[in-house]
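Colleague: predicted model follows, preceded by the sequence.
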Amino acid sequence: MALILDLWKLDLDQLNLSLNRFNLTGAKTSIEKYILLTEYYSSQEYFSPEEREDLLNKKFRNELLNPNMNMNYEERIEYISNYLGARKIRNEQCKFSEIKEGKLIDVVTIDPIEGVPFILNNRCYSRSTIKSIVRGNQRDPFTRELISDEIISQFDPIELSLSDENLTNNDLLAYIFPLGLEQLYLNNNQITSLVGVDFPIGLEQLYLSRNQIEFLVGANFPTSLQKLVLNSNQITSLDDVNFPENLEYLRLSYNQITSLVGIIFPESLEELVLSYNQIASLIGVNFSISLKELNLDDNQITSLVGVNFPSTLQILNLDSNQIASLVGVSFPVSLEYLYLSHNRITSLSGVIFPINLKDLSLNNNQITSLIDVIFPESLEYLSLDNNQITSLVDVIFPESLDYLSLDNNQIISLTGINFPEGLETLYLNNNQIPSLVGVNFPVNLQCLYLDNNQIISLDGVDFPVNLQCLYLDNNQITSLEETTINNRTRVFI
(Lines give C-alpha, C1' and ligand atoms only; values in the text may rest on other atoms or scores of the structure.)
Protein backbone atom coordinates (compact mmCIF):
# COMPACT_ATOMS: atom_id res chain seq x y z
CA MET A 1 0.00 0.00 0.00
CA ALA A 2 2.88 2.29 0.65
CA LEU A 3 3.86 1.95 -2.99
CA ILE A 4 0.47 3.26 -4.10
CA LEU A 5 0.80 6.26 -1.86
CA ASP A 6 4.33 6.90 -3.05
CA LEU A 7 3.21 6.90 -6.68
CA TRP A 8 0.56 9.52 -6.03
CA LYS A 9 2.98 11.70 -4.08
CA LEU A 10 5.44 12.04 -6.94
CA ASP A 11 5.82 15.57 -8.28
CA LEU A 12 5.52 16.10 -12.04
CA ASP A 13 9.27 15.94 -12.71
CA GLN A 14 9.59 12.65 -10.86
CA LEU A 15 6.47 11.37 -12.59
CA ASN A 16 7.80 12.17 -16.07
CA LEU A 17 11.12 10.57 -15.20
CA SER A 18 9.37 7.34 -14.18
CA LEU A 19 7.24 7.28 -17.33
CA ASN A 20 10.30 7.76 -19.55
CA ARG A 21 12.14 5.05 -17.67
CA PHE A 22 9.44 2.51 -18.52
CA ASN A 23 8.84 3.95 -22.00
CA LEU A 24 5.22 4.84 -21.15
CA THR A 25 3.74 7.35 -23.59
CA GLY A 26 0.32 8.64 -24.61
CA ALA A 27 -0.69 10.36 -21.39
CA LYS A 28 -1.00 14.15 -21.62
CA THR A 29 -2.49 15.50 -18.42
CA SER A 30 -0.93 14.95 -15.05
CA ILE A 31 -3.74 12.75 -13.83
CA GLU A 32 -3.53 10.56 -16.93
CA LYS A 33 0.18 10.16 -16.19
CA TYR A 34 -0.48 9.13 -12.58
CA ILE A 35 -3.07 6.59 -13.71
CA LEU A 36 -0.80 5.24 -16.45
CA LEU A 37 2.06 4.70 -14.00
CA THR A 38 -0.27 3.07 -11.48
CA GLU A 39 -1.62 0.71 -14.14
CA TYR A 40 1.94 -0.15 -15.20
CA TYR A 41 2.97 -1.12 -11.68
CA SER A 42 -0.22 -3.12 -11.37
CA SER A 43 0.49 -4.98 -14.62
CA GLN A 44 3.98 -5.80 -13.37
CA GLU A 45 2.47 -7.23 -10.18
CA TYR A 46 4.30 -4.79 -7.93
CA PHE A 47 1.10 -4.89 -5.89
CA SER A 48 -2.05 -6.92 -6.07
CA PRO A 49 -5.28 -5.89 -7.80
CA GLU A 50 -6.79 -5.54 -4.33
CA GLU A 51 -4.14 -3.00 -3.40
CA ARG A 52 -4.79 -1.09 -6.59
CA GLU A 53 -8.46 -0.86 -5.66
CA ASP A 54 -7.34 0.98 -2.54
CA LEU A 55 -7.10 4.05 -4.78
CA LEU A 56 -10.86 4.27 -4.43
CA ASN A 57 -10.97 3.43 -0.73
CA LYS A 58 -12.17 6.11 1.68
CA LYS A 59 -9.23 5.49 4.02
CA PHE A 60 -7.04 7.40 1.58
CA ARG A 61 -9.40 10.36 1.43
CA ASN A 62 -6.91 12.70 3.06
CA GLU A 63 -3.72 11.10 1.75
CA LEU A 64 -4.37 11.05 -1.98
CA LEU A 65 -4.50 14.81 -2.33
CA ASN A 66 -1.73 16.05 -4.55
CA PRO A 67 -1.64 19.80 -5.36
CA ASN A 68 -0.47 19.03 -8.90
CA MET A 69 -3.80 17.32 -9.60
CA ASN A 70 -5.79 20.57 -9.20
CA MET A 71 -8.86 18.78 -7.84
CA ASN A 72 -10.11 17.55 -4.49
CA TYR A 73 -10.27 13.94 -3.44
CA GLU A 74 -13.90 13.35 -4.46
CA GLU A 75 -13.31 14.88 -7.88
CA ARG A 76 -10.15 12.81 -8.33
CA ILE A 77 -11.89 9.56 -7.39
CA GLU A 78 -14.72 10.27 -9.87
CA TYR A 79 -12.16 11.20 -12.51
CA ILE A 80 -10.16 8.03 -11.92
CA SER A 81 -13.28 5.86 -12.02
CA ASN A 82 -14.48 7.48 -15.26
CA TYR A 83 -11.04 7.32 -16.81
CA LEU A 84 -10.46 3.65 -16.05
CA GLY A 85 -13.90 2.74 -17.42
CA ALA A 86 -13.41 4.86 -20.54
CA ARG A 87 -9.93 3.46 -21.10
CA LYS A 88 -11.23 -0.10 -20.93
CA ILE A 89 -14.01 0.59 -23.43
CA ARG A 90 -11.64 2.39 -25.76
CA ASN A 91 -9.11 -0.43 -25.68
CA GLU A 92 -11.72 -3.12 -26.26
CA GLN A 93 -14.35 -1.48 -28.48
CA CYS A 94 -13.78 2.21 -29.33
CA LYS A 95 -10.36 2.28 -30.92
CA PHE A 96 -11.13 5.49 -32.87
CA SER A 97 -12.26 7.47 -29.80
CA GLU A 98 -10.30 9.67 -27.41
CA ILE A 99 -10.57 10.44 -23.71
CA LYS A 100 -11.25 13.95 -22.46
CA GLU A 101 -11.91 15.06 -18.88
CA GLY A 102 -11.68 11.42 -17.87
CA LYS A 103 -14.49 10.37 -20.25
CA LEU A 104 -14.78 9.07 -23.77
CA ILE A 105 -15.62 11.81 -26.24
CA ASP A 106 -18.37 11.78 -28.82
CA VAL A 107 -16.53 11.59 -32.16
CA VAL A 108 -19.10 13.92 -33.75
CA THR A 109 -19.58 16.62 -31.12
CA ILE A 110 -16.11 16.18 -29.49
CA ASP A 111 -17.80 16.52 -26.09
CA PRO A 112 -17.40 14.09 -23.16
CA ILE A 113 -20.08 11.40 -23.22
CA GLU A 114 -22.37 11.33 -20.21
CA GLY A 115 -23.61 7.88 -19.31
CA VAL A 116 -23.10 4.72 -21.34
CA PRO A 117 -21.64 5.37 -24.80
CA PHE A 118 -23.24 4.02 -27.96
CA ILE A 119 -20.66 2.14 -30.04
CA LEU A 120 -20.86 2.08 -33.82
CA ASN A 121 -18.04 0.76 -36.03
CA ASN A 122 -15.44 1.13 -33.27
CA ARG A 123 -16.38 4.73 -32.54
CA CYS A 124 -18.11 6.07 -29.44
CA TYR A 125 -21.18 8.32 -29.61
CA SER A 126 -23.62 9.72 -27.11
CA ARG A 127 -27.13 8.38 -27.52
CA SER A 128 -28.38 11.84 -28.49
CA THR A 129 -25.93 11.90 -31.43
CA ILE A 130 -27.01 8.47 -32.66
CA LYS A 131 -30.63 9.50 -32.26
CA SER A 132 -29.99 12.52 -34.48
CA ILE A 133 -28.28 10.34 -37.08
CA VAL A 134 -31.15 7.83 -37.07
CA ARG A 135 -33.65 10.61 -37.61
CA GLY A 136 -31.51 12.11 -40.35
CA ASN A 137 -29.87 10.23 -43.20
CA GLN A 138 -29.33 7.03 -41.15
CA ARG A 139 -25.73 6.73 -42.30
CA ASP A 140 -22.49 6.30 -40.38
CA PRO A 141 -20.99 9.83 -40.50
CA PHE A 142 -17.50 8.39 -41.17
CA THR A 143 -18.00 5.33 -43.38
CA ARG A 144 -21.23 6.66 -45.00
CA GLU A 145 -22.70 3.16 -44.70
CA LEU A 146 -26.37 2.75 -43.86
CA ILE A 147 -27.00 2.02 -40.19
CA SER A 148 -28.49 -1.39 -39.53
CA ASP A 149 -32.19 -1.90 -38.81
CA GLU A 150 -31.20 -3.29 -35.43
CA ILE A 151 -29.75 0.07 -34.42
CA ILE A 152 -32.62 2.04 -35.95
CA SER A 153 -35.13 -0.04 -34.00
CA GLN A 154 -33.53 1.16 -30.76
CA PHE A 155 -34.49 4.75 -31.57
CA ASP A 156 -38.21 4.71 -32.27
CA PRO A 157 -39.99 7.91 -33.39
CA ILE A 158 -40.28 10.36 -30.53
CA GLU A 159 -43.67 11.66 -31.71
CA LEU A 160 -46.82 9.73 -32.60
CA SER A 161 -50.22 11.20 -33.52
CA LEU A 162 -53.31 9.04 -33.15
CA SER A 163 -55.74 11.94 -33.00
CA ASP A 164 -59.06 11.84 -34.88
CA GLU A 165 -58.96 8.05 -35.23
CA ASN A 166 -62.15 7.19 -33.29
CA LEU A 167 -60.05 5.18 -30.84
CA THR A 168 -61.78 3.54 -27.87
CA ASN A 169 -60.49 2.17 -24.59
CA ASN A 170 -60.08 -1.29 -26.10
CA ASP A 171 -57.98 0.14 -28.90
CA LEU A 172 -55.63 1.73 -26.37
CA LEU A 173 -55.38 -1.42 -24.27
CA ALA A 174 -54.32 -3.43 -27.31
CA TYR A 175 -51.99 -0.85 -28.81
CA ILE A 176 -48.24 -1.46 -28.59
CA PHE A 177 -46.53 1.91 -28.37
CA PRO A 178 -42.96 2.43 -29.62
CA LEU A 179 -40.53 2.13 -26.72
CA GLY A 180 -38.74 5.42 -27.43
CA LEU A 181 -41.91 7.49 -27.70
CA GLU A 182 -41.73 10.92 -26.04
CA GLN A 183 -44.82 12.70 -27.40
CA LEU A 184 -48.22 11.02 -27.87
CA TYR A 185 -51.28 12.74 -29.35
CA LEU A 186 -54.67 11.12 -28.71
CA ASN A 187 -56.94 14.13 -29.18
CA ASN A 188 -60.51 13.91 -30.46
CA ASN A 189 -61.17 10.20 -29.96
CA GLN A 190 -63.76 8.21 -27.97
CA ILE A 191 -61.62 7.34 -24.97
CA THR A 192 -63.53 7.17 -21.67
CA SER A 193 -60.87 5.73 -19.34
CA LEU A 194 -57.09 5.34 -19.06
CA VAL A 195 -57.15 2.42 -16.62
CA GLY A 196 -54.89 -0.39 -17.78
CA VAL A 197 -53.29 1.57 -20.62
CA ASP A 198 -49.59 0.73 -20.85
CA PHE A 199 -47.94 3.98 -21.88
CA PRO A 200 -44.24 3.86 -22.89
CA ILE A 201 -41.93 4.37 -19.92
CA GLY A 202 -40.08 7.33 -21.46
CA LEU A 203 -43.16 9.32 -22.48
CA GLU A 204 -42.78 13.05 -21.75
CA GLN A 205 -45.89 14.64 -23.33
CA LEU A 206 -49.41 13.20 -23.49
CA TYR A 207 -52.33 14.96 -25.22
CA LEU A 208 -55.87 13.67 -24.60
CA SER A 209 -58.11 16.66 -25.33
CA ARG A 210 -61.65 16.26 -26.70
CA ASN A 211 -62.33 12.74 -25.46
CA GLN A 212 -64.95 11.43 -23.03
CA ILE A 213 -62.75 10.72 -20.02
CA GLU A 214 -64.72 10.93 -16.76
CA PHE A 215 -62.04 10.14 -14.19
CA LEU A 216 -58.27 9.68 -13.86
CA VAL A 217 -58.18 7.35 -10.85
CA GLY A 218 -56.27 4.20 -11.73
CA ALA A 219 -54.43 5.73 -14.65
CA ASN A 220 -50.81 4.59 -14.68
CA PHE A 221 -48.94 7.60 -16.02
CA PRO A 222 -45.21 7.06 -16.68
CA THR A 223 -42.92 8.77 -14.18
CA SER A 224 -41.14 10.53 -17.05
CA LEU A 225 -44.29 12.46 -18.04
CA GLN A 226 -43.76 16.23 -17.99
CA LYS A 227 -46.81 17.55 -19.85
CA LEU A 228 -50.38 16.24 -19.58
CA VAL A 229 -53.23 17.85 -21.54
CA LEU A 230 -56.82 16.76 -20.85
CA ASN A 231 -58.89 19.70 -22.07
CA SER A 232 -62.53 19.18 -23.09
CA ASN A 233 -63.32 15.92 -21.32
CA GLN A 234 -65.92 15.06 -18.67
CA ILE A 235 -63.71 14.94 -15.59
CA THR A 236 -65.55 15.94 -12.41
CA SER A 237 -62.92 15.25 -9.76
CA LEU A 238 -59.15 14.89 -9.28
CA ASP A 239 -59.45 13.04 -5.97
CA ASP A 240 -56.99 10.14 -5.55
CA VAL A 241 -55.33 10.78 -8.89
CA ASN A 242 -51.72 9.63 -8.96
CA PHE A 243 -50.01 12.33 -11.00
CA PRO A 244 -46.44 11.54 -12.13
CA GLU A 245 -43.80 13.05 -9.87
CA ASN A 246 -41.99 14.88 -12.71
CA LEU A 247 -45.06 16.55 -14.19
CA GLU A 248 -44.50 20.21 -15.07
CA TYR A 249 -47.57 21.16 -17.15
CA LEU A 250 -51.14 20.07 -16.39
CA ARG A 251 -54.05 21.36 -18.45
CA LEU A 252 -57.66 20.50 -17.63
CA SER A 253 -59.74 23.25 -19.23
CA TYR A 254 -63.36 22.63 -20.23
CA ASN A 255 -64.12 19.89 -17.73
CA GLN A 256 -66.56 19.73 -14.80
CA ILE A 257 -64.20 19.95 -11.84
CA THR A 258 -65.79 21.54 -8.77
CA SER A 259 -63.06 21.40 -6.13
CA LEU A 260 -59.27 21.19 -5.71
CA VAL A 261 -59.24 20.62 -1.95
CA GLY A 262 -57.18 17.57 -0.97
CA ILE A 263 -55.62 17.18 -4.39
CA ILE A 264 -51.94 16.22 -4.29
CA PHE A 265 -50.23 18.06 -7.11
CA PRO A 266 -46.63 17.04 -7.89
CA GLU A 267 -44.01 19.38 -6.47
CA SER A 268 -42.48 19.78 -9.92
CA LEU A 269 -45.67 21.31 -11.42
CA GLU A 270 -45.03 24.75 -12.96
CA GLU A 271 -48.18 25.40 -15.00
CA LEU A 272 -51.75 24.48 -14.01
CA VAL A 273 -54.64 25.34 -16.33
CA LEU A 274 -58.19 24.80 -15.07
CA SER A 275 -60.11 27.28 -17.19
CA TYR A 276 -63.81 26.69 -17.84
CA ASN A 277 -64.61 24.43 -14.90
CA GLN A 278 -66.98 24.83 -11.94
CA ILE A 279 -64.55 25.63 -9.14
CA ALA A 280 -66.16 27.89 -6.52
CA SER A 281 -63.41 28.23 -3.91
CA LEU A 282 -59.63 27.97 -3.52
CA ILE A 283 -59.63 27.89 0.29
CA GLY A 284 -57.58 24.95 1.56
CA VAL A 285 -56.03 24.11 -1.79
CA ASN A 286 -52.40 23.00 -1.64
CA PHE A 287 -50.81 24.19 -4.85
CA SER A 288 -47.43 22.93 -6.01
CA ILE A 289 -44.46 24.71 -4.42
CA SER A 290 -42.97 25.19 -7.92
CA LEU A 291 -46.07 26.61 -9.57
CA LYS A 292 -45.38 29.61 -11.82
CA GLU A 293 -48.60 29.92 -13.83
CA LEU A 294 -52.17 29.34 -12.63
CA ASN A 295 -55.15 29.74 -14.96
CA LEU A 296 -58.59 29.64 -13.35
CA ASP A 297 -60.52 31.88 -15.71
CA ASP A 298 -64.20 31.09 -16.34
CA ASN A 299 -64.95 29.38 -13.04
CA GLN A 300 -67.27 30.36 -10.16
CA ILE A 301 -64.80 31.75 -7.65
CA THR A 302 -66.30 34.44 -5.41
CA SER A 303 -63.43 35.32 -3.07
CA LEU A 304 -59.64 35.10 -2.80
CA VAL A 305 -59.34 35.97 0.89
CA GLY A 306 -57.46 33.23 2.76
CA VAL A 307 -56.16 31.55 -0.39
CA ASN A 308 -52.62 30.24 -0.01
CA PHE A 309 -51.00 31.00 -3.35
CA PRO A 310 -47.53 29.48 -3.89
CA SER A 311 -44.61 31.86 -3.38
CA THR A 312 -43.25 31.03 -6.85
CA LEU A 313 -46.36 32.16 -8.76
CA GLN A 314 -45.72 34.62 -11.60
CA ILE A 315 -48.94 34.47 -13.67
CA LEU A 316 -52.46 34.35 -12.21
CA ASN A 317 -55.49 34.36 -14.49
CA LEU A 318 -58.86 34.79 -12.78
CA ASP A 319 -60.84 36.35 -15.62
CA SER A 320 -64.57 35.66 -15.76
CA ASN A 321 -65.28 34.65 -12.17
CA GLN A 322 -67.53 36.22 -9.53
CA ILE A 323 -64.95 38.03 -7.42
CA ALA A 324 -66.37 41.18 -5.81
CA SER A 325 -63.42 42.42 -3.77
CA LEU A 326 -59.63 42.13 -3.52
CA VAL A 327 -59.30 43.65 -0.05
CA GLY A 328 -57.49 41.28 2.29
CA VAL A 329 -56.16 39.09 -0.49
CA SER A 330 -52.57 37.94 0.01
CA PHE A 331 -50.95 37.84 -3.42
CA PRO A 332 -47.43 36.34 -3.64
CA VAL A 333 -44.67 38.93 -4.07
CA SER A 334 -43.38 36.96 -7.08
CA LEU A 335 -46.58 37.67 -9.08
CA GLU A 336 -45.95 39.63 -12.30
CA TYR A 337 -49.16 39.12 -14.32
CA LEU A 338 -52.63 39.39 -12.79
CA TYR A 339 -55.80 39.03 -14.86
CA LEU A 340 -59.13 39.86 -13.21
CA SER A 341 -61.32 41.00 -16.09
CA HIS A 342 -65.03 40.14 -16.19
CA ASN A 343 -65.56 39.96 -12.44
CA ARG A 344 -67.70 42.04 -10.03
CA ILE A 345 -65.06 44.27 -8.47
CA THR A 346 -66.38 47.70 -7.48
CA SER A 347 -63.35 49.24 -5.79
CA LEU A 348 -59.57 48.92 -5.62
CA SER A 349 -59.16 51.06 -2.51
CA GLY A 350 -57.26 49.19 0.20
CA VAL A 351 -56.02 46.48 -2.15
CA ILE A 352 -52.41 45.42 -1.64
CA PHE A 353 -50.98 44.53 -5.00
CA PRO A 354 -47.73 42.51 -5.19
CA ILE A 355 -44.65 44.72 -5.46
CA ASN A 356 -43.33 43.01 -8.61
CA LEU A 357 -46.54 43.23 -10.62
CA LYS A 358 -46.00 44.26 -14.25
CA ASP A 359 -49.35 43.55 -15.90
CA LEU A 360 -52.80 44.19 -14.38
CA SER A 361 -56.05 43.65 -16.30
CA LEU A 362 -59.36 44.68 -14.73
CA ASN A 363 -61.60 45.08 -17.76
CA ASN A 364 -65.37 44.63 -17.46
CA ASN A 365 -65.80 45.17 -13.75
CA GLN A 366 -67.82 47.80 -11.85
CA ILE A 367 -65.01 50.09 -10.73
CA THR A 368 -66.11 53.73 -10.35
CA SER A 369 -62.98 55.39 -8.99
CA LEU A 370 -59.19 55.02 -8.81
CA ILE A 371 -58.73 57.52 -5.98
CA ASP A 372 -56.47 56.25 -3.16
CA VAL A 373 -55.50 53.18 -5.18
CA ILE A 374 -51.87 52.21 -4.61
CA PHE A 375 -50.53 50.70 -7.78
CA PRO A 376 -47.18 48.89 -7.55
CA GLU A 377 -44.17 50.89 -8.73
CA SER A 378 -43.21 48.07 -11.13
CA LEU A 379 -46.49 48.21 -13.10
CA GLU A 380 -46.04 48.57 -16.86
CA TYR A 381 -49.44 47.54 -18.28
CA LEU A 382 -52.81 48.61 -16.84
CA SER A 383 -56.14 47.86 -18.51
CA LEU A 384 -59.45 49.14 -17.09
CA ASP A 385 -61.77 49.00 -20.10
CA ASN A 386 -65.53 48.75 -19.62
CA ASN A 387 -65.83 50.06 -16.08
CA GLN A 388 -67.67 53.07 -14.66
CA ILE A 389 -64.77 55.45 -14.02
CA THR A 390 -65.73 59.11 -14.32
CA SER A 391 -62.53 60.94 -13.36
CA LEU A 392 -58.75 60.46 -13.25
CA VAL A 393 -58.01 63.60 -11.21
CA ASP A 394 -55.72 62.90 -8.22
CA VAL A 395 -55.08 59.36 -9.40
CA ILE A 396 -51.44 58.36 -8.84
CA PHE A 397 -50.19 56.21 -11.68
CA PRO A 398 -46.77 54.54 -11.28
CA GLU A 399 -43.92 56.09 -13.24
CA SER A 400 -43.11 52.68 -14.72
CA LEU A 401 -46.43 52.57 -16.62
CA ASP A 402 -46.08 52.52 -20.42
CA TYR A 403 -49.55 51.20 -21.40
CA LEU A 404 -52.88 52.48 -20.06
CA SER A 405 -56.28 51.49 -21.42
CA LEU A 406 -59.52 53.14 -20.25
CA ASP A 407 -61.87 52.49 -23.16
CA ASN A 408 -65.61 52.45 -22.53
CA ASN A 409 -65.75 54.36 -19.26
CA GLN A 410 -67.49 57.64 -18.33
CA ILE A 411 -64.51 59.99 -18.20
CA ILE A 412 -65.57 63.59 -18.87
CA SER A 413 -62.23 65.41 -18.67
CA LEU A 414 -58.46 64.91 -18.92
CA THR A 415 -57.51 68.27 -17.43
CA GLY A 416 -55.33 68.15 -14.33
CA ILE A 417 -54.40 64.51 -14.73
CA ASN A 418 -50.83 63.47 -13.93
CA PHE A 419 -49.99 60.84 -16.49
CA PRO A 420 -46.61 59.15 -15.97
CA GLU A 421 -43.89 60.58 -18.21
CA GLY A 422 -42.97 57.13 -19.57
CA LEU A 423 -46.47 56.35 -20.84
CA GLU A 424 -46.32 55.36 -24.52
CA THR A 425 -49.83 54.08 -25.30
CA LEU A 426 -53.09 55.60 -24.02
CA TYR A 427 -56.56 54.28 -24.88
CA LEU A 428 -59.56 56.53 -24.13
CA ASN A 429 -62.07 55.42 -26.76
CA ASN A 430 -65.78 55.62 -26.02
CA ASN A 431 -65.76 58.12 -23.17
CA GLN A 432 -67.35 61.55 -22.82
CA ILE A 433 -64.33 63.82 -23.30
CA PRO A 434 -65.30 67.21 -24.88
CA SER A 435 -61.88 68.88 -25.11
CA LEU A 436 -58.12 68.30 -25.00
CA VAL A 437 -57.13 71.90 -24.31
CA GLY A 438 -54.86 72.16 -21.28
CA VAL A 439 -54.24 68.44 -21.08
CA ASN A 440 -50.71 67.58 -19.94
CA PHE A 441 -49.86 64.60 -22.12
CA PRO A 442 -46.72 62.62 -21.22
CA VAL A 443 -43.66 63.52 -23.28
CA ASN A 444 -43.04 59.93 -24.41
CA LEU A 445 -46.59 59.26 -25.62
CA GLN A 446 -46.54 57.55 -29.01
CA CYS A 447 -50.15 56.48 -29.65
CA LEU A 448 -53.31 58.19 -28.41
CA TYR A 449 -56.76 56.67 -28.98
CA LEU A 450 -59.78 58.97 -28.61
CA ASP A 451 -62.41 57.50 -30.92
CA ASN A 452 -66.06 58.05 -30.07
CA ASN A 453 -65.81 60.99 -27.71
CA GLN A 454 -67.30 64.51 -27.92
CA ILE A 455 -64.25 66.48 -29.05
CA ILE A 456 -65.14 69.50 -31.20
CA SER A 457 -61.76 71.06 -31.89
CA LEU A 458 -58.02 70.48 -31.50
CA ASP A 459 -57.12 74.19 -31.56
CA GLY A 460 -54.63 75.02 -28.81
CA VAL A 461 -53.95 71.38 -27.93
CA ASP A 462 -50.33 70.70 -27.00
CA PHE A 463 -49.54 67.26 -28.36
CA PRO A 464 -46.23 65.61 -27.42
CA VAL A 465 -43.49 65.81 -30.05
CA ASN A 466 -42.98 62.02 -30.08
CA LEU A 467 -46.60 61.24 -30.95
CA GLN A 468 -46.77 58.78 -33.85
CA CYS A 469 -50.49 57.98 -34.14
CA LEU A 470 -53.65 59.85 -33.14
CA TYR A 471 -57.09 58.25 -33.45
CA LEU A 472 -60.11 60.61 -33.44
CA ASP A 473 -62.83 58.74 -35.32
CA ASN A 474 -66.45 59.61 -34.55
CA ASN A 475 -65.87 62.93 -32.85
CA GLN A 476 -67.14 66.34 -33.99
CA ILE A 477 -63.89 67.79 -35.35
CA THR A 478 -64.33 69.67 -38.62
CA SER A 479 -60.83 70.99 -39.29
CA LEU A 480 -57.15 70.47 -38.36
CA GLU A 481 -55.91 73.67 -40.00
CA GLU A 482 -55.02 75.46 -36.76
CA THR A 483 -53.73 72.31 -35.04
CA THR A 484 -50.03 71.81 -34.39
CA ILE A 485 -49.18 68.14 -34.79
CA ASN A 486 -45.82 66.57 -35.51
CA ASN A 487 -45.41 65.83 -39.24
CA ARG A 488 -44.59 62.23 -38.38
CA THR A 489 -47.90 61.72 -36.60
CA ARG A 490 -50.52 59.66 -38.42
CA VAL A 491 -53.94 61.13 -37.76
CA PHE A 492 -57.10 59.04 -38.13
CA ILE A 493 -60.20 61.25 -38.12
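Modeller: Yep, that arrived. Numbering: from 1, shown residues only.

Colleague: kindly provide the distance from the residue at minimal distance from the centre of the chain to Ser290.
Modeller: For the chain, Glu270 is the residue whose C-alpha lies nearest the centre (CA atoms, centre = their mean; 7.2 Å). Shown here: Glu270 relative to Ser290, a distance of 6 Å by CB to CB, to the nearest Å. Quick note: C-beta positions are derived from backbone N, CA and C, even for glycine.

Colleague: coming back round to it: hmm, Leu294 and the residue nearest to the centre of the chain touching each other?
Modeller: No: with contacts counted by CB atoms under 8 Å, Glu270 stays clear of Leu294, the gap being 10.1 Å.

Colleague: what about the longest helix in the chain?
Modeller: Across the chain, the helix with the greatest residue count (assigned by DSSP state H) is helix 73-92.

Colleague: these two touch, right, Ile455 and Val437?
Modeller: No: counting by CB under 8 Å, Val437 is not a contact partner of Ile455; they are 9.9 Å apart.

Colleague: more neighbours, the two?
Modeller: Neighbour count, other CB atoms under 10 Å: between Ile455 and Val437, Ile455 has more, with 19 against 14.

Colleague: tell me who's in contact with the more buried one.
Modeller: Contacts for Ile455 were tallied using CB atoms under 8 Å, 6 or more residues apart in numbering; they are 433-436, 472, 475-477.

Colleague: make it 6 Å
Modeller: Contacts for Ile455 were tallied using CB atoms under 6 Å, 6 or more residues apart in numbering; they are 475, 477.

Colleague: if I look at it, how far off is Leu384?
Modeller: Relative to Leu384, Ile455 is positioned 21 Å away (CB to CB).

Colleague: got it, and Tyr79?
Modeller: 61 Å.

Colleague: give me the number of residues near Glu380?
Modeller: 17.

Colleague: next one: phi and psi at Gln205?
Modeller: Phi and psi for Gln205, reported as degrees, to the nearest 10, are phi -130, psi 130.

Colleague: what bridges to it?
Modeller: Each beta-bridge partner of Gln205 is listed here, defined by DSSP bridges: Gln183, Lys227.

Colleague: what about it, how many neighbours?
Modeller: The tally of other residues near Gln205 (other CB under 10 Å) stands at 18.

Colleague: low-confidence regions, the stretch 151-300 of the chain specifically.
Modeller: Within the stretch 151-300 of the chain, the stretches falling below the threshold (pLDDT under 70) are 153, 156-157.

Colleague: would you map the strands across it?
Modeller: For the stretch 151-300 of the chain, applying DSSP state E, counting those that start in this stretch gives strands covering 159-161, 183-185, 205-207, 227-229, 249-251, 271-273, 293-295.

Colleague: how about CSV for the ones you listed, with distance to Glu101 added?
Modeller: Below are these laid out as CSV (distance: least, CB to CB, whole Å):
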stretch, distance to Glu101
strand 159-161, 33
strand 183-185, 33
strand 205-207, 33
strand 227-229, 33
strand 249-251, 35
strand 271-273, 36
strand 293-295, 38
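
Colleague: and those: which comes nearest Phe215?
Modeller: Set against Phe215 and scored by CB to CB, those come closest in strand 227-229, at 14.5 Å.

Colleague: how distant is the closest one from the center of its chain?
Modeller: Going by CA atoms, centre = their mean, to the nearest Å, the spacing between the C-alpha centre of strand 227-229 and its chain's C-alpha centre is 14 Å.

Colleague: what's that strand in contact with?
Modeller: Residues from elsewhere that reach strand 227-229, judged by CB under 6 Å, 6+ apart: 205-207, 209, 249-251.

Colleague: for the residues you listed, which one is nearest Gly284?
Modeller: Set against Gly284, the nearest of the contacts of strand 227-229 by CB to CB is Leu250 (19.1 Å).

Colleague: quickly note the distance from Leu326 to Leu318.
Modeller: Taking CB to CB as the criterion, Leu326 is separated from Leu318 by 10 Å.

Colleague: now do the helices in the chain.
Modeller: Applying DSSP H to the chain gives helices spanning 2-8, 12-21, 30-43, 49-52, 73-92, 127-134, 149-152, 169-174.
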